[in-house]
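**Q** model this:
(chains A, B and C)
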Amino acid sequence: MSDQQVLIEFDNVQKVYPNGTVGLKDINLKLYKGEFVAVVGLSGAGKSTLLRTINRMHDITGGDLKVNGQSIVGYKGKNLRNLRRSIGMIFQDFNLVNRSSVRRNVLSGRVGYYSTWKSSLGLFSAEDKKRAVQALDRVNMTEKIYTRVDQLSGGQQQRVAIARALMQDPQIMLADEPIASLDPLTTTAVMDDLLNLNKELGITVLANLHSVPLAMKYADRIVGLRDGQLVYDKPIAEVKEEDFEGIYTKAGVEGGALNG
Amino acid sequence: MTNKVKNNWARHSWIFWGILVLLFYLWSIMGLNFSGLQESAGEVSKSIVEGLFHPDWGYFYDGSGEDLFSLIIQTLAIAFLGTFVSAILSVPFAFWAARAAKENKFHLRSTSGKFVLVLIRTFPELVLAIMFIKAVGPGSFAGVLAVSIHSIGMLGKLFAEAIENMDRGSEEAIQSAGGNKADMWILATMPTIMPEFLSFTLYRFEIAVRSASILGMVGAGGIGTPLLFAIQTRNWPRVGIILLGIIVMVTVIDYISGTIRKKLV
Amino acid sequence: MDNDLLPKRPFMQKYHVKGIGYSVLFLFLLWGSSIMTGVEWGEFFTNLDQFFDLLGRMAHPAWEYTNIVIQPIAETIQMALIGTTIGTLIAIPFSILAARNLIKNSVVRGIIRFILNLVRTIPDLLLAALFVAIVGIGATAGVWTLAVFSFGMISKLFYETIETIDEEPLEALRAAGANNTQVVVFAVIPQVLNSFVSYFLYTFEINVRASTVLGYLGAGGIGVYLQRSLSSFRYDQTAVIVLAILLVVIVIDAVSNNLRERLQ
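**A** Numbers count the residues shown, from 1 in each chain, chains lettered A, B, ... in the order given. Below you'll find the predicted structure:
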């Protein structure tokens, strides 16, 4: 694996919230270009925090974090904007504007490429309008382009959210519990979409998942967090289901996962 | 020991509350000077009811601009324009008063904003109307100004609550795509919150229609002026037709506004 | 080529016919309203000095007037309490008759609801003017005004509450052979009592606010003094009255809110 290009590098990353809660502790982790990595762990283990440090939605309080070999910790203004637009993100609750059309939502993903006055007046270029159609086509949602988001099912909404993230032309896709609000059938559709982005467009995917079986089905590599610490990191070929007892039960501190 | 005291208190506290309420009522009844009914009360009531059943239809429209129809329209215009101005003015007040994070009960900015809104809400609208009459003279413009300012108290509060309860997810999404504060505001906050703002504004419009119909009693335009005049001159058929006019106006506006609000949310 | 992927939009949607139509209608209404009300913002801003002169005079309250204000303020609260109580007592039978789950006869319900809707459309000051004409100047007119006003409001709140109650206890009692009165006493009242008290307090709050201005038309309370000070241009006295109203309303709201929270 060392011959692959390192895309994201956590170097002894710490995150303590203003109220004293420890979010992340001593994280050392390298993510390679083109990987599909699943992050597993209990809720509150720091999975969301881990994802959000990469696009600086959360600032880290110690250590260093590099994307493409550059430290992003001190990024401000234009640098931060460029970093964020190169990283797509999808969320558990989709985070779409429910009362706007699918088209408007998808176009808003392009916001990082426009000045505020242009994006606010809806002055998106013809090229980007075409790009929106293509993005929707990739998730099989073109026929819903003029529909209002609140008339779509949960699975359809998540696919619109993926299309919105695609508008950013991202190098990395962060998926924060993308299927936690979905039923099993739509879960498969959304996960397949993510896998397609990974395999066909070469986008690096980092997804928080609750379900270990799903992680094993889709990911190239599984990373486990517990209480803000990295407790597991294995390529899929070496992963065994029993490993996760340590991550999913508080009592299993000495379990196999830690020693593995 | 304390437990027993507590138990006793819990069991018998209703006696304390009962006596308190009783005293409050006694104080009220003793304090009020019930003048008793005037001798003419029955007669006047009869005339009012008669007037209501024999309204002065001639007043409905006579082309003078001082008839019921014109003044009802003017009343609606006062309410409409006043509510519109108020809705715009309420937005900055709402952001002033809205709490950013749920956990802080006290916050200097939001608490002071909420307090200002309480003051505006409690300041009597009639007094406001009289103050504006001093500034711009009697007439409907003073009514518009009174509605504009007074409504901020309620709209600002409702807007602030809507902001506090809104789903912040879409803002996060815009930010994570590289948007700045202004982008978040225009692409996420506004479209999320607009329907609620509109719905509250319509609701406030329903109330404004009622108050605009009485602001005329102090000279601030609308149907209130001829109504008070008709009551004072005991012109009951005239009172009857105006009362009918107000009832129909309020009912129709409530219906239309209610229908639109149902569609919005 | 990408356009082939897209569904066809109907004409109305493609050119935003509805949105543009509503916007035009809205602008037309705004324009019409401005004409109707003779709005002149220029006039407002040129006369702003008069407005501020008035505010300036109000900024120096005549504190010695405070003693005179206390009694009418008390009267205002008394009017509100008695008015709300009378209104509530009348509202209870009406709300039972208007509740869908208690009265199956839709004609009775329809008539009752129609009356309630009519009552609710009448603004409070209009009622005050009418009652002053009927019973004469004084607090009695105020009490009747508030009674009718709160009757309209409370009836609606009450029947909506009754309609949300749990039906099973009612059925159980009916099955046991209870008549309608017994059903109301043993199954309805225990379920709605807390909400009723809470709504009573809420209406009381609103009536305290309303009663402060009723006196403007002669219906008793602090409003009488408000009118007197305004018509004699004693804005320093007006300021004291407004402050007293603010204080009373805020205190009553706080107490009532506290009690309502306890009831839940």
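
**Q** Surely B:Leu81 touches C:Leu30?
**A** Yes. With contacts counted by C-beta atoms under 8 Å, B:Leu81 reaches C:Leu30, the gap being 6.9 Å. C-beta: built from backbone N, CA, C; applies to glycine.

**Q** higher neighbour count, those two?
**A** Set side by side, B:Leu81 and C:Leu30 give different neighbour counts by other C-beta atoms under 10 Å in any protein chain shown, the larger being at B:Leu81 (27 against 16).

**Q** got a pLDDT number for that one?
**A** pLDDT recorded at B:Leu81 is 95.

**Q** so which strand or helix has it?
**A** Using DSSP states H and E, B:Leu81 falls within helix B:68-97.

**Q** element containing C:Glu171, please.
**A** With DSSP H and E as criterion, C:Glu171 is part of helix C:168-175.

**Q** Show me what the helix or strand that comes right after that helix is packed up against.
**A** Sequence order places helix C:180-183 as the next helix or strand after helix C:168-175, per DSSP H and E. For helix C:180-183, the contact count by 3 or more C-beta pairs under 8 Å, 6 or more residues apart in numbering or on different chains; DSSP states H and E identifies helix C:168-175 as packing neighbours.

**Q** Would you mark the buried spots in the helix holding C:Glu171?
**A** Using 16 or more other C-beta atoms under 10 Å in any protein chain shown as the test for burial, helix C:168-175 gives C:170, C:173.

**Q** Okay, helices next: where are they in the chain?
**A** By default, I'm working from chain A. In chain A, helices defined by DSSP state H lie at A:47-54, A:77-85, A:102-108, A:116-120, A:126-138, A:154-166, A:184-200, A:212-218, A:245-248, A:256-259, listed in chain order.

**Q** looking at chain C here, not the other one
**A** Under DSSP H, chain C gives helices at C:11-14, C:17-37, C:41-46, C:48-58, C:66-98, C:106-121, C:124-135, C:139-163, C:168-175, C:180-183, C:189-214, C:222-231, C:235-263.

**Q** The third one near chain B at all?
**A** Just to be clear, that refers to helix C:41-46. Yes. Legend: contact between helix C:41-46 and chain B by C-beta under 8 Å from any C-beta of the partner chain is shown at C:43-44.

**Q** Give me the residues contacting that helix.
**A** Taking C-beta atoms under 8 Å, 6 or more residues apart in numbering or on different chains as the criterion, the residues outside helix C:41-46 that touch it are B:135-136, B:141, B:145.

**Q** Tally up the residues packed near A:Asn140, please.
**A** Neighbourhood size, A:Asn140 [other C-beta under 10 Å]: 13.

**Q** Report the separation between the residue nearest to it when sequence neighbours are not counted and A:Glu35.
**A** Closest residue to A:Asn140 in three dimensions, ignoring its sequence neighbours and counting by C-beta to C-beta, 6 or more residues apart in numbering or on different chains: A:Arg159, at 7.2 Å. With the distance defined as C-beta to C-beta, to the nearest Å, A:Arg159 ends up 22 Å from A:Glu35.

**Q** Between these two, which is the more surrounded one?
**A** In terms of neighbours (other C-beta under 10 Å), A:Arg159 is the more surrounded of A:Arg159 and A:Glu35; the figures are 25 against 20.

**Q** Can you name the residue of the stretch 151-265 of chain B nearest chain A?
**A** When C-beta to the nearest C-beta is the measure, the stretch 151-265 of chain B has its nearest residue to chain A at B:Gly178, with 2.5 Å between them.

**Q** Helix, strand, or coil at that residue?
**A** Recorded secondary structure, B:Gly178: coil (DSSP: H, G, I helix; E, B strand; the rest coil).

**Q** pLDDT value on it, please?
**A** Reading off the per-residue confidence, B:Gly178 sits at a pLDDT of 88.

**Q** dump the residue contacts of it.
**A** Listed by C-beta under 8 Å, 6+ apart, the contact partners of B:Gly178 are A:81-85, A:111-113, A:168.

**Q** cutoff 7 Å now
**A** Contact partners of B:Gly178, counting by C-beta atoms under 7 Å, 6 or more residues apart in numbering or on different chains, are A:81, A:84-85, A:111-112.

**Q** So the residue of the stretch 151-260 of chain A found nearest chain C versus C:Ile96, what's the distance?
**A** Using C-beta to the nearest C-beta, the closest approach of the stretch 151-260 of chain A to chain C is made by A:Ala163 at 12.8 Å. When distance is defined by C-beta to C-beta, A:Ala163 is 55 Å away from C:Ile96.

**Q** neighbour count winner among those two?
**A** Neighbour totals were compared for A:Ala163 and C:Ile96, and A:Ala163 leads with 29 against 18 (other C-beta under 10 Å).

**Q** for the stretch 1-150 of chain C, which spans come out with low pLDDT?
**A** Along the stretch 1-150 of chain C, the parts satisfying pLDDT under 70 run over C:1-5.

**Q** tell me which parts of it are close to chain B?
**A** Selection of the stretch 1-150 of chain C residues close to chain B by C-beta under 7 Å from any C-beta of the partner chain yields C:29-30, C:32-34, C:36-40, C:43-44, C:47-48, C:50-51, C:54, C:74-75, C:78-79, C:81-82, C:117-118, C:121-123, C:125-126, C:129-130, C:133-136, C:138-140, C:143.

**Q** Enumerate every residue touching the residue nearest to A:Asn140.
**A** Residues in contact with A:Arg159 (C-beta under 7 Å, 6+ apart) are A:139, A:141, A:190, A:193.

**Q** how many other residues sit next to the third one?
**A** If you count neighbours by other C-beta under 10 Å, A:Val190 ends up with 23.

**Q** Just the pLDDT at the nearest residue to it once chain neighbours are set aside, thanks.
**A** In space, A:Val190 comes closest to A:Gln158 once its chain neighbours are excluded; the distance is 5.0 Å by C-beta to C-beta, 6+ apart. Among the per-residue scores, A:Gln158 shows a pLDDT of 92.

**Q** now B:Phe84
**A** We have a pLDDT of 96 for B:Phe84.

**Q** For it, give me its contacts.
**A** Under the criterion of C-beta under 7 Å, 6+ apart, the contact list for B:Phe84 reads C:Leu30.

**Q** what residues does the stretch 151-260 of chain A put near chain B?
**A** Within reach of chain B by C-beta under 7 Å from any C-beta, the stretch 151-260 of chain A has these residues: A:Gln168.

**Q** For the stretch 151-260 of chain A, which residues score under the pLDDT cut-off?
**A** Flagging of the stretch 151-260 of chain A using pLDDT under 70 yields the residue ranges A:246-260.

**Q** Run through the residues that contact whatever residue of it ends up closest to chain B.
**A** Taking C-beta to the nearest C-beta, chain B has its nearest neighbour within the stretch 151-260 of chain A at A:Gln168, 5.5 Å off. The contact partners of A:Gln168, taken as C-beta under 7 Å, 6+ apart, are A:85, A:88, A:109, A:112, B:177.
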